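1. After the sequence you'll find the predicted model.
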Protein chains: 2
Amino acid sequence: MISFETFKPTDGTPIYLQILLYIKRGAVAGTIRDGDELPSRRVLSALLGINPNTVQKAFHMLEEDDLIESQTGAKSVMKLSEEKIVKLREDLLSDDIRSITESLRQMGISRDEALRLIAKFWEDTGTGTDID
Amino acid sequence: MISFETFKPTDGTPIYLQILLYIKRGAVAGTIRDGDELPSRRVLSALLGINPNTVQKAFHMLEEDDLIESQTGAKSVMKLSEEKIVKLREDLLSDDIRSITESLRQMGISRDEALRLIAKFWEDTGTGTDID
DNA sequence: TTGACTGTATTATGGGACTAATACACTTTC
DNA sequence: GAAAGTGTATTAGTCCCATAATACAGTCAA
């Protein structure tokens, strides 16, 4: 059963998109695997304190992306393959890195300064248990 | 007069926030300076193909942040100081870098791999005229 | 002074995100 | 078989973003 213990909703981004991203990123990280069961719409919505329809929206989009399989009456399960994960990784990384690059460029930050700032922040916010 | 030639609206983020960020980032980069005139609400909205009220919302928030000065009948002007710019830079950088760091960590990307990916993307998307 | 342009304010409309309350069909488990 | 849990669907309501159409008061330049 996929855990949502580390899921922390932020405001500014629609919740259904945050759920979507949480699962996609978990798949890329390998913490969410093919065949893993997802919590039911009702259980997860209660756990997150949101409406069941919001969870349904996220899960429905995951199904459209062919990343989960749903069947009336049974729990939904992850439907992953190495190929899908590679593509997910490329897509997510591309979006994130394009975003930060454009943002820093607009602020007149140089490449080296950007790398230095990110490296410093990474260390300052690390848990200490990482191998990074 | 502040130019919006390099402003390219993206979907997903409210337009008024994008205008707000465009101006704040320009102030940090130094391309927008204290005393610079802003285009009028009507002119800018026509230029961007959006509603005057959307521009007004962005400008109103800039005024609440004490970054511009408006007076009925006259054009609005930037109201910057070194102190404000330093704070702006810290705030914007903090938000952006926290965001990318969390995102990459959730994908299981290591610090070194993150830096490598960003460095590569930076070069691949550079204009060639940068000193970076 | 006059006309064009400016900032500001108001009301109305539509769409997306989210909530709320149901309802129905199906699977799973005892 | 029955009860509990599941996915799915519908309708209604609120709030924010954005549009649309005005209106009014002040500045600026000819």
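-> Right, received. Where do you want to start? Numbers count the residues shown, from 1 in each chain, chains lettered A, B, ... in the order given.
2. and the nearest residue to A:Met78 once chain neighbours are set aside, how far is that from chain B?
-> Leaving aside its sequence neighbours, A:Met78 sits nearest to A:Asp36 (C-beta to C-beta, 6 or more residues apart in numbering or on different chains; 4.4 Å). In short, each C-beta sits where N, CA and C put it, glycine included. The gap separating A:Asp36 from chain B is 16 Å, by C-beta to the nearest C-beta, to the nearest Å.
3. And for A:Asp36, the neighbour number?
-> Here the number of neighbours of A:Asp36 (other C-beta atoms under 10 Å in any protein chain shown) works out to 19.
4. Next: A:Ser70.
-> By other C-beta under 10 Å, 17 other residues sit near A:Ser70.
5. Now do the phi/psi pair for it.
-> Dihedral pair for A:Ser70: phi -120, psi 150, per degrees, to the nearest 10.
6. That one against A:Gln56, yeah?
-> No: in this structure A:Ser70 lies outside contact range of A:Gln56 using C-beta atoms under 8 Å: 9.9 Å.
7. where are the low-confidence patches of chain A?
-> The model of chain A has pLDDT under 70 over residues A:128-132.
8. same thing but 50
-> Applying pLDDT under 50 to chain A picks out residues A:131.
9. At which residues are the strands of it located?
-> Shown for chain A, the strands assigned by DSSP state E span residues A:68-71, A:74-78.
10. What I need now is those written out in JSON lines, including distance to B:Leu88 for each item.
-> JSON lines is the format used below for the strands of chain A (distance: least, C-beta to C-beta, whole Å):
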{"stretch": "strand A:68-71", "distance to B:Leu88": "42"}
{"stretch": "strand A:74-78", "distance to B:Leu88": "42"}
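11. so which of these comes closest to B:Thr31?
-> Each of those has some distance to B:Thr31 by C-beta to C-beta; the shortest is strand A:68-71, at 45.7 Å.
12. picking that back up, what's the closest of the strands of chain A to A:Thr6?
-> Using C-beta to C-beta, those put strand A:74-78 closest to A:Thr6, at 16.8 Å.
13. Can you give the domain ranges for chain A?
-> Residue ranges for the domains of chain A, per automatic domain parsing: A:15-80, A:83-124.
14. Need the ones you listed in CSV (columns: distance to DNA strand C).
-> Output for these, formatted as CSV (distance: least, C-beta to the nearest atom of the strand, whole Å):
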stretch, distance to DNA strand C
domain A:15-80, 2
domain A:83-124, 16
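15. measure A:Ser110 to chain B for me?
-> Between A:Ser110 and chain B the distance, using C-beta to the nearest C-beta, works out to 5 Å.
16. For that residue, grab phi and psi.
-> Backbone torsions of A:Ser110, given as degrees, to the nearest 10, read phi -80, psi 170.
17. So which elements touch the longest helix along chain A?
-> Longest helix in chain A, counting residues (DSSP state H): helix A:82-106. Secondary-structure packing of helix A:82-106 (3 or more C-beta pairs under 8 Å, 6 or more residues apart in numbering or on different chains; DSSP states H and E): helix A:15-29, helix A:111-124, helix B:15-29, helix B:82-106, helix B:111-124.
18. So for DNA strand D, which of the ones you listed sits nearest?
-> Closest approach to DNA strand D among these (C-beta to the nearest atom of the strand): helix B:15-29, 3.7 Å.
19. Briefly note if stretch A:9-17 comes near chain B.
-> No: judged by C-beta under 8 Å from any C-beta of the partner chain, stretch A:9-17 stays clear of chain B, getting no closer than 8.6 Å.
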